[in-house]
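In: Fold the following for me, if possible:
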Amino acid sequence: QLKSHPIDDGICDLIIEKPTIFMKLDAGVNMYHHFCDFVNLYISQHINNSFTKDVKIIMWDTSSYGYGDLFSDTWKAFTDYEVIHLKTFDSKRVCFRDAVFALLPRMRYGLFYNTPLISDCHGTGLFKAFSQHVLHRLHIIQEGPKDRKIRVTLLSRSTEYRRILNQFELIKALKTVPLF
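Out: Numbers count the residues shown, from 1 in each chain. As a prediction, the model looks like this:
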């Protein structure tokens, strides 16, 4: 507990009135890693029992580099506002009326990225609920599965050890099979 009440005492340079979620993010340039952030934000909403989009999200990052976010549209499933970088508040005393810290993307025994494998634990509704939540909030209509069709998602990699050397030939061959 603080000895004084900063907002009442007038020592804040800036007061954020809206509920705010602080997030330490993983990697916005990688779908797998960035969705760790979104899953943990979704779980944090459950813990906080609040699914309003009328919240500010502050990215807990003090780097001078920009955050490469290839999936920035996904934030619209969680907030009506642009994500704020913590460095925006450099040299300011900022007070928040209502703030929470989201679960960390790489926390020990955390969900998604570091989920421990537990035998006979499968079929959880959490990831399906997360998927449905994001699709609903972003107004994405999921078409499929289509009768007698198989959907294949190919992740294109550019690193030396993870790339598919014959990727274009593989795609071309898949297009010749009527099931795809």
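In: ok now the top helix by length along the chain, how far from the chain's centre?
Out: The longest helix of the chain (DSSP state H) is helix 31-48. For helix 31-48, the gap between its own C-alpha mean and the chain's C-alpha mean amounts to 5 Å (CA atoms, centre = their mean, to the nearest Å).
In: what is the mean pLDDT for it?
Out: The average pLDDT within helix 31-48 is 88.
In: who touches the most centrally placed residue in the chain in this structure?
Out: Among the residues of the chain, the one closest to the centroid is Phe38, at 2.1 Å (CA atoms, centre = their mean). Phe38 is in contact with 71, 74, 77-78, 130, 134, counting by CB atoms under 8 Å, 6 or more residues apart in numbering. All C-beta atoms are positioned from the backbone trio N, CA, C, and that covers glycine.
In: what do you get for Gln167?
Out: Taking CB under 8 Å, 6+ apart, one finds 154, 156 in contact with Gln167.
In: what comes up buried for the helix-or-strand element of the chain with minimal mean pLDDT?
Out: Every helix and strand of the chain was ranked by mean pLDDT, DSSP states H and E. The lowest is helix 31-48, at a mean of 88. Under the neighbour-count criterion of 16 or more other CB atoms under 10 Å, helix 31-48 has 33-45 buried.
In: Need those in a markdown table (columns: distance to Gln1).
Out: Below are the buried residues of helix 31-48 laid out as a markdown table (distance: CB to CB, whole Å):
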| residue | distance to Gln1 |
| --- | --- |
| His33 | 37 |
| His34 | 36 |
| Phe35 | 37 |
| Cys36 | 33 |
| Asp37 | 31 |
| Phe38 | 33 |
| Val39 | 33 |
| Asn40 | 28 |
| Leu41 | 28 |
| Tyr42 | 31 |
| Ile43 | 28 |
| Ser44 | 24 |
| Gln45 | 26 |
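In: Phe51 contacts Ile43, correct?
Out: No: the pair Phe51 / Ile43 is not scored as a contact, 11.8 Å apart, by CB atoms under 8 Å.
In: For the chain, which segments are assigned as strands?
Out: Taking DSSP state E to define them, one finds strands in the chain at 14-16, 20-23, 56-59, 84-85, 94-96, 99-101.
In: Dump those to CSV, plus mean neighbour count and distance to Ile171.
Out: Listed next are these as CSV, based on neighbours: other CB atoms under 10 Å; distance: least, CB to CB, whole Å:
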stretch, mean neighbour count, distance to Ile171
strand 14-16, 14, 48
strand 20-23, 20, 36
strand 56-59, 20, 35
strand 84-85, 16, 37
strand 94-96, 18, 49
strand 99-101, 15, 42
